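1. everything below, folded, please.
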Amino acid sequence: MKSLLVVVAATVFTATPVHASAQEGHRGVHFSADLGLVASSSSMSKFGVSEKISGAATAFSLTAGGAVTPSLIVGAQVWLTSANDPNLTITGAGADDYDGKVSGTATVRGFGPTVKYYTPSDFFVSATPSITQLKVTGGGSDESDWGLGFRGAVGKEWRVGPDVGLGVAGVLSLNRNNWDLDGVSTTWSTFAAGVVFSASFN
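-> From the prediction side, this is the model:
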């Protein structure tokens, strides 16, 4: 199995209302976390050579904030997606073209302010404009410059205790990062989408 970082560098040159009651809504501090699986793809094109790192990835986020209104939460979120031994596709590199599994990880990490809105029926939508970074390991470790990104979620929660809700959501993340590989400046675009299970405390 080829090493991810070595190959890449060499060829470049998210029953009942979540709130205590429908009348009260959300109050005070709010903490939430989610964990699930997404399909992830990071790609770039330079000098006629295209590279894509793709595969199933673990998605995770942690949020801390507070209720501004009974339906609106604002706070901060940290999140990541991480693909282990992903697929690497290289085209336009002649004899170095490649399509197969590689050993290593491809991880996007991000953080930023977040807004989460609940409907009276406990559906929710959240949005997190983010600062992001792409990191690759395998035969070494390297990471991109920090860039801009976004993470969003749409889901539903159910109350399982006075202050605890459990839910499920669809998540989407996007980011774009500049990366200097072996002295060559490249720009990588990453897209990930999938399903996560969530827990919240309010």
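2. buried residues in stretch 43-58, which are they?
-> Across stretch 43-58, burial judged by 16 or more other C-beta atoms under 10 Å covers Met44, Lys46, Val49, Ser50, Glu51, Lys52, Ile53, Ser54, Gly55, Ala57, Thr58. All C-beta atoms are positioned from the backbone trio N, CA, C, and that covers glycine.
3. which other residues reach it?
-> 4, 8, 11-13, 35-42, 81-93, 106, 136, 179, 184, 186-190, 192, 194 (C-beta atoms under 8 Å, 6 or more residues apart in numbering).
4. centre of the chain to it, how far?
-> Centre-to-centre, stretch 43-58 and its host chain are 16 Å apart (C-alpha atoms, centre = their mean, to the nearest Å).
5. and if you look at stretch 74-87?
-> Distance, stretch centre to chain centre, for stretch 74-87: 4 Å (C-alpha atoms, centre = their mean).
6. check stretch 142-152 too.
-> Taking mean C-alpha positions (C-alpha atoms, centre = their mean), stretch 142-152 and its chain are 10 Å apart.
7. helices or strands up against the helix or strand harbouring Phe111?
-> Per DSSP states H and E: Phe111 is located in strand 105-118. When contacts are defined as 3 or more C-beta pairs under 8 Å, 6 or more residues apart in numbering; DSSP states H and E, strand 105-118 sits against strand 29-46, strand 49-69, strand 72-84, strand 123-137, strand 147-159, strand 164-181.
8. and Asp96, its phi and psi?
-> phi -90, psi 10 (degrees, to the nearest 10).
9. ok, it touching Ile90?
-> Yes. In this structure, Asp96 is within contact of Ile90 by C-beta atoms under 8 Å, at 6.4 Å.
10. out of the two, which sits in the more crowded spot?
-> Ile90 (20 against 12; other C-beta atoms under 10 Å).
11. run the angle between the strand holding Phe111 and strand 147-159 for me.
-> 50 degrees (axes from the mean of the first three to the mean of the last three C-alpha atoms, to 10 degrees).
12. show me where pLDDT drops low in this structure?
-> Along the chain, the parts satisfying pLDDT under 70 run over 1-25.
13. 80 - rerun?
-> Residues of the chain meeting the criterion pLDDT under 80: 1-27, 95.
14. circling back: wait, which of the helices and strands packed on strand 105-118 is closest to Pro113?
-> strand 72-84 (5.9 Å; C-beta to C-beta).
15. that closest one pairs with which strands, parallel or anti?
-> strand 49-69 (antiparallel), strand 105-118 (antiparallel) (DSSP bridges).
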